[in-house]
Structures are given as C-alpha cells and as structure tokens.
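Asker: Quick one, structure for this:
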Amino acid sequence: MPLREKLCFLDSQGIAECGLDEKRFDVLEDRIFGVFEVAPEQVKGKMCTTSAFVVAHPGNGIEPWVGAFTNYEAIGINLALWQNIFTPFESFLHGMLTGYIGENRFNSIKGAEFIKIKMDDESDFKPGLNYTLAQMIFHEVAHLVEADLKKPAFHCLPKLEEQQGLPLIEPEASAYCEKYLHPDQDITLLEKLQNSNVVSLYATCSKAEDFAETYTAYIMSEHLNRNFTAIVDDREIFSSARHLQSEKLKGKVNTIKTILNFGKLTDSKKLQLARQHKSCTGAFSQN
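Answerer: Model (predicted):
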C-alpha cells in the first residue's frame, strides 16, 4: 500500500480518516520516507506491512501519543513530533533521559536543568532526517517485532533485576508499569543508570518497553551512529555508546543483533531461529 494511503488522522472524536490528500500531510510523508531510507531491513519490512500511521488530534486527550497496536499493526505518531522542525534532537534526548515514571505520575530528576546533552564528536548527522521521529518509529516497530515471537524477546536471559542498581519499587496495584522508580531522584540516578542493565529509565517500566528501548538504542547507535553523553559541570555522568557496549547489556544486545537479522534469512532459517528462541538454544543459548 502506498504510504500516503496509510496516513491517518485521528480527530477530536477519536474517528480516524485515512488517505487524506491535505498538504499538511506532505511533511509527515517526507519524514517517514526519510526514516525508511536509513532504517535496517527488518524495520523497513515492518514499515511496509504496517497498515496505518495514525496522527492523533491534539484536542482528543491522548496527545502526545505514540503507540504500536499489534492487532492492527498500526503506529501512532505524536502530532508535535513531525510538525516541529525547530526543536533539536538533543532536547528530546534530555527529556527522555531525565524523565522517569514514579507511582501514578511522571517525574523529572532533581537538577535536570543542570544536565547538558552533547552528541559525540564522531556521531553522524544527516540534514533533513528527523531523528526524533526515527527513534519513535524504531521503538514502536520493536513492539511489532516482539509480537511476532512466541515468547518475550528477552525471555532467554537470566533475571538481572537485582543487578540494575536502580531504586525500583513495586506498585501497590496493577498498572501499565510493572516497576516504578522511587520518587525524588537526583542526578545520581543517571550514574546508576550507566552501571545498570537497562538502556534508559523508561526501560524499567516493563519487559516489553525494555526490549523496545534496547532495540531502538542499538539501531540509533550502530545504524545511525547517533551517540550522546550527559554532562554536569564538565563531568560526564552518562554515555550512551559506552553503556550499550557494557558487559551488563551484552546479553540483550546480542539478542537484538540476532533478532534484527531475521529479515535477512530464508524462511527455513527464520523458522529454525524462531525455534531456538522459543527453546533458548543455538543463537539464544545463555550457556
């Protein structure tokens, strides 16, 4: 299906209209194409088979809104994400790195205003590519990729929650997040993150978000060569590249590499890898 026919707009009543010819969608169409061109083959495949890219209306109560719906294989896109061309990628990273989910509410690290985000000197930059949109699409595609598996993506890995070194608490009632972070965190939380086995604070939310965040971080680093550091008073407190290459993330990164290669295999090899993943043998063996 042509991309333009997959672009949908969710109005204030929650009704989606697709295949709109309005010129305001020209920018979104171009930016999704831009992400497609730099994406790994597996992501391209999912973007092609996804039935819809849905933009939420800002007045319907669920914007900002980005999500993947595995039953329809639809990806939701934040309206501001593709319209705003003035906010640099570093600003988005700052918010993602310093924000965390506490019990029943979103929190920001105390002293977050003193944290500066700097792209590494060797990082690439492609003019016209909306890296924020790319990161969001990769994250949502990861949910669709995991939905194709018989078991959760990281199910073969040993449970390392006690090694995260992050101040997690158990929620009192069932909610979206299985784990919350204790409130009133300060800058030291990012130093704890650097020594943990999760790539982001949001990855602590659930097993599904852990996979999606790791999948995205790997693609942003290895395929788009976008790495960054967080600095306070000229002191580095977090490095995305060094963290991704750490021993604690080795099992997750190796799983991501293997799953990303699914798209390059013959059907028989895909089936073989799927069986190995289900039984934690072969490429997924932790022995």
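Asker: Give the bridge partners for residue 17, please.
Answerer: residue 9 (DSSP bridges).
Asker: Give me the most central residue, this protein.
Answerer: Residue closest to the mean C-alpha point of the chain, counted by Cα atoms, centre = their mean, is residue 139 at 3.0 Å.
Asker: ok, residues contacting the helix or strand hosting residue 95?
Answerer: Assigned by DSSP states H and E, residue 95 belongs to helix 89-98. With contacts defined as Cβ atoms under 8 Å, 6 or more residues apart in numbering, helix 89-98 is touched by 108-109, 112, 115, 117-119, 131-132, 135, 190, 200-202, 226, 228, 230, 238. From N, CA and C alone the C-beta is placed, and that goes for glycine too.
Asker: Drop anything exposed from those residues.
Answerer: 109, 112, 115, 117, 119, 131-132, 135, 190, 200-202, 226, 228, 230, 238 (16 or more other Cβ atoms under 10 Å).
Asker: Would you mind checking which of those is nearest to residue 47?
Answerer: residue 135 (14.2 Å; Cβ to Cβ).
Asker: C-terminal to the helix or strand hosting that closest one, what's the next element?
Answerer: If you go by DSSP H and E, residue 135 is part of helix 131-147. Scanning forward in sequence from helix 131-147 by DSSP H and E, the next helix or strand is strand 168-169.
Asker: So in that sheet, which strands flank that following strand, and in what orientation?
Answerer: strand 180-181 (antiparallel).
Asker: Show me what the strand it pairs with is in contact with.
Answerer: Against strand 180-181 from outside (Cβ under 8 Å, 6+ apart): 100-103, 107, 166-171, 189, 201, 204.
Asker: can we see that at 10 Å?
Answerer: Residues outside strand 180-181 that contact it (Cβ atoms under 10 Å, 6 or more residues apart in numbering): 100-105, 107, 109, 166-172, 189, 192, 201, 204-205.
Asker: mind listing which of those are in helices?
Answerer: 189, 192 (DSSP state H).
Asker: Apply the buried test to the contacts of strand 180-181 and list what passes.
Answerer: 100, 101, 103, 107, 109, 166, 167, 189, 192, 201, 204, 205.
Asker: Which of those residues sits closest to residue 157?
Answerer: Distances from residue 157 to those, taken as Cβ to Cβ, are shortest for residue 204 (15.3 Å).
Asker: Burial check on the residue nearest to the closest one when sequence neighbours are not counted, number of neighbours?
Answerer: The shortest distance from residue 204 to any non-neighbouring residue, by Cβ to Cβ, 6 or more residues apart in numbering, is to residue 179 (5.2 Å). For residue 179, the neighbour count with other Cβ atoms under 10 Å is 19.
Asker: residues contacting residue 179?
Answerer: 101, 161, 164, 166, 168-171, 203-207, 209-210.
Asker: Would you check how far apart it and residue 135 are?
Answerer: 22 Å (Cβ to Cβ, to the nearest Å).
Asker: Alright, that wraps it up for me.
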